[in-house]
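In: Let me see the structure of the following:
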Amino acid sequence: MKRIREKLDVYLNNLKIKRKIFLLYFYCVMLPLVLTDTVICGMFIHDEKEAREVRLKNMVKSVEYMMNSAADEAAALSENIYFNKYINEFLNKEFSSGLDYYNQYQELLKDSLFDSSLGTSNAIITMYTDNPTVVNGGRFWKMERIKGKSWYKEFLASGQEIQMYFYFEASGTTNLKLPRKASFVRKLDRYKRDPYQKLLKIDLDYTGINQNLIMANYQDEVYVCQGEKIIFSNSRKLNPQQDFEKITEVRRKKGEYVESFHLFGQDLDVYAIPQKDHFLQGILQHWPVILLLILFNILIPCVFMQALRRTFTERLEILNRTINYRGQGNLEEIKDIQGTDEIAVLMRNYNNMVQENNDLIETVYKSRLKQQEINIARQKAELLALHGQINPHFLFNVLENIRMRSVLKKEYETAEMIEQLSIMERQYVEWGTDLLPIQEEQKFVEAYLKLQKYRFGNRLSYTIEVEEGCEAYKIPKLSLVTFVENACVHGIEDKAAQCWIFVRVYQKQDELYMEIEDTGSGMPEAYLSILREKMEHASIEMLKQKGSVGMVNACLRLKMYTEEKVKFVLESEEHVGTMVTISIPVQVLE
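Out: Prediction:
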């Protein structure tokens, strides 16, 4: 137990004060409240879930009873017609003419037993027979009229005597009849010796049945389905003038209740889908009590803990920020110290210490800093004086005088060489920035190659290609010309045949590529590996070594400018040529 307490003390001592106060509030206030409220809410949700299941089940039973009642009414009506011998004799009789059929049809309508058989419901009764002497109209029709109907084909295929059907029958006309049908179909075959087949079809009052579902005012939505087809529903969103919707098109929710039942040859499912969150309703009904509990259990402790945090942690944060202050010169004192507790005493003691340290800094540190500033200023002045002494302006004047003298004597080649040399010297001795646009570097490379052309004559040919859009990118001064110079000295100087130097600058995707290629002597593999190592790891130490440092210098400056993001590829083959490829991310150049 003692070891556990010691470990707990070590853990708490490493926590910040703000976190300690939060843990105190969480474990001593919030956690007990949350656990208690969770248990209460869980009990309430459980009771509500059970009540919802009972409500949905009762609603489904009520819908089943309503559907069975409508179907039983149609069955009872069919029973009366089935046993009515006058109707049976009328359908079996062969009429001599249409007039004969009409007269006997009127006599049948006057018979009270006929009216009693048909009942007083809103159902539409239609009887079909294959008697060819029957004239279509009223309640009697020829069988050939329905032979193409899908419900009739399904009825014959079922082999049943009685069957319910739910289907959509669009007539294609603008009559007021509802295209959705709920029909009770029965064979009129009481007398097996009858010469003709007869069929009874009772179209139930679809609108009335669906309206009864709506008028029941169930709290939740209910759907009577045949497979995926919605037959009846209390949802006002469904349009009874259109074909049956699919239950998959209706948004199903968690907690739905489904029950199946059989209705005269058809398997139907009743979906009861809850629409209201009664748990939320219960909360809204008791919101004053819940609000009062939240006020006393959460808000009041939270306000008190916030006040405690302000008076405790915020002052410690002020003290911490002041101690960590990295100002110039004197340390900062804490202003407006309030209170007399331990934190206030600590702040006042800190102010006393700051005053003593500031006095010490004033006498020692600042005097030394002033001396260093004087030394730096003197060194800068000396450098400026040296720069003034080596100002190369006089050199350019001398070169210009020589060039003009050559022009006067008509030594145009000499004048051209001096002009190109002057261009190069200005780049070398300029004291400005080390960066130049590629367009300016291109001019410098061209000036250098023109000078080399005077030296090598027809042995040297060159091309310089800079892709449009790349001219404005800036690179370290003399980067390209260093590699061009290396190609002339090491590639062309030792080869007697005609040689080419190609300088290409282009952008590919997000990289800028600079290629310097020559068709000179090339270099052996051993020297190629050494040169690759120097280019890849160029450093200040390499520049201090003896030997050629031109390419190392150019590589080092490119690496420094691009923050090591530049890449070098060196390829060479003896007696064939050498190619240097430099790639830089465009983002760095921008």
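In: Which helix in the protein has the most residues?
Out: helix 31-82 (DSSP state H).
In: Wait, residue 463 touches residue 515, no?
Out: No: counting by C-beta atoms under 8 Å, residue 463 does not reach residue 515; the two are 11.4 Å apart. Any C-beta I mention is one placed from the backbone N, CA and C, and that applies to glycine too.
In: Most distant residue from the centre of this structure?
Out: residue 96 (80.1 Å; C-alpha atoms, centre = their mean).
In: could you list every residue that touches residue 588?
Out: 561, 562, 563, 565 (C-beta atoms under 8 Å, 6 or more residues apart in numbering).
In: on that earlier part again, neighbour count: residue 463 and residue 515, which is higher?
Out: residue 515 (17 against 11; other C-beta atoms under 10 Å).
In: Show me what the more buried one is bridged to.
Out: residue 504, residue 581 (DSSP bridges).
In: can you pull out the strands in the stretch 401-550 of the chain?
Out: 435-437, 460-466, 474-476, 499-508, 511-518 (DSSP state E, counting those that start in this stretch).
In: just to revisit the earlier point, would you list the buried entries among the contacts of residue 588?
Out: For those, a burial check counting by 16 or more other C-beta atoms under 10 Å picks out 561, 562.
In: Switch the contacts of residue 588 over to CSV; also include pLDDT.
Out: Shown next, in CSV, are the contacts of residue 588 (pLDDT from 0 to 100):
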residue, pLDDT
561, 86
562, 89
563, 86
565, 92
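In: Would you mind splitting the protein into its domains for me?
Out: 54-273, 286-374, 454-589 (automatic domain parsing).
In: Is it possible to get CSV of those that adds distance to residue 41?
Out: Shown next, in CSV, are these (distance: least, C-beta to C-beta, whole Å):
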stretch, distance to residue 41
domain 54-273, 17
domain 286-374, 10
domain 454-589, 56
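In: Residue 7 is nearest to which of those domains?
Out: domain 286-374 (24.7 Å; C-beta to C-beta).
In: Tell me the spacing between residue 340 and residue 346.
Out: Applying C-beta to C-beta, to the nearest Å, the value for residue 340 to residue 346 is 12 Å.
In: These two: which has the busier surroundings?
Out: Neighbour comparison, residue 340 and residue 346: the larger count goes to residue 346, with 14 against 9 (by other C-beta under 10 Å).
In: Test my guess that that one contacts residue 320.
Out: No: look at residue 346 against residue 320 with C-beta under 8 Å: they stay out of range, at 11.2 Å.
In: export stretch 296-306 as PDB, just CAs?
Out: What follows is stretch 296-306, C-alpha atoms only, in PDB (Å, rounded to 0.1, in the frame of the first residue of the first chain):
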ATOM      1  CA  PHE A 296     -26.600  22.000  -9.200                       C
ATOM      2  CA  ASN A 297     -24.500  19.000 -10.300                       C
ATOM      3  CA  ILE A 298     -22.400  20.500 -13.100                       C
ATOM      4  CA  LEU A 299     -22.600  24.200 -13.600                       C
ATOM      5  CA  ILE A 300     -22.200  25.400 -10.000                       C
ATOM      6  CA  PRO A 301     -19.100  23.100  -9.400                       C
ATOM      7  CA  CYS A 302     -17.800  24.100 -12.800                       C
ATOM      8  CA  VAL A 303     -18.100  27.900 -12.000                       C
ATOM      9  CA  PHE A 304     -16.400  27.400  -8.600                       C
ATOM     10  CA  MET A 305     -13.500  25.300 -10.200                       C
ATOM     11  CA  GLN A 306     -13.100  28.000 -12.900                       C
END
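In: thought residue 240 was touching residue 206?
Out: Yes: under the criterion of C-beta under 8 Å, residue 240 makes contact with residue 206 at 7.1 Å.
In: Quick check on these two: which one has the bigger neighbour count.
Out: A side-by-side neighbour count of residue 240 and residue 206, using other C-beta under 10 Å, places residue 206 first with 19 against 14.
In: if we can go back for a sec, the strands of the stretch 401-550 of the chain: which one's closest to residue 142?
Out: It's strand 499-508; of the strands of the stretch 401-550 of the chain, that one is closest to residue 142 (C-beta to C-beta) at 83.8 Å.
In: What count of nearby residues applies to the nearest residue to the residue farthest from the centre of the chain once chain neighbours are set aside?
Out: Nearest non-adjacent residue to residue 96, counting by C-beta to C-beta, 6 or more residues apart in numbering: residue 133, 7.8 Å away. Using other C-beta under 10 Å, residue 133 has 15 neighbouring residues.
In: ok, residue 133 touching residue 102?
Out: No: counting by C-beta under 8 Å, residue 133 does not reach residue 102; the two are 11.7 Å apart.
In: So, low pLDDT: which residues of the stretch 401-550 of the chain?
Out: Within the stretch 401-550 of the chain, the stretches with pLDDT under 70 are 401-409, 420-433, 546-548.
In: With the stretch 201-350 of the chain instead?
Out: In the stretch 201-350 of the chain, residues with pLDDT under 70: 251-255, 276-286, 325-331.
In: What are the boundaries of the strands in it?
Out: Applying DSSP E, counting those that start in this stretch to the stretch 201-350 of the chain gives strands spanning 221-226, 229-233, 257-263, 266-273.
In: now these in TSV, with distance to residue 588 and mean neighbour count?
Out: Formatted as TSV, the strands of the stretch 201-350 of the chain follow (distance: least, C-beta to C-beta, whole Å; neighbours: other C-beta atoms under 10 Å):
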stretch	distance to residue 588	mean neighbour count
strand 221-226	64	22
strand 229-233	65	22
strand 257-263	66	15
strand 266-273	62	20
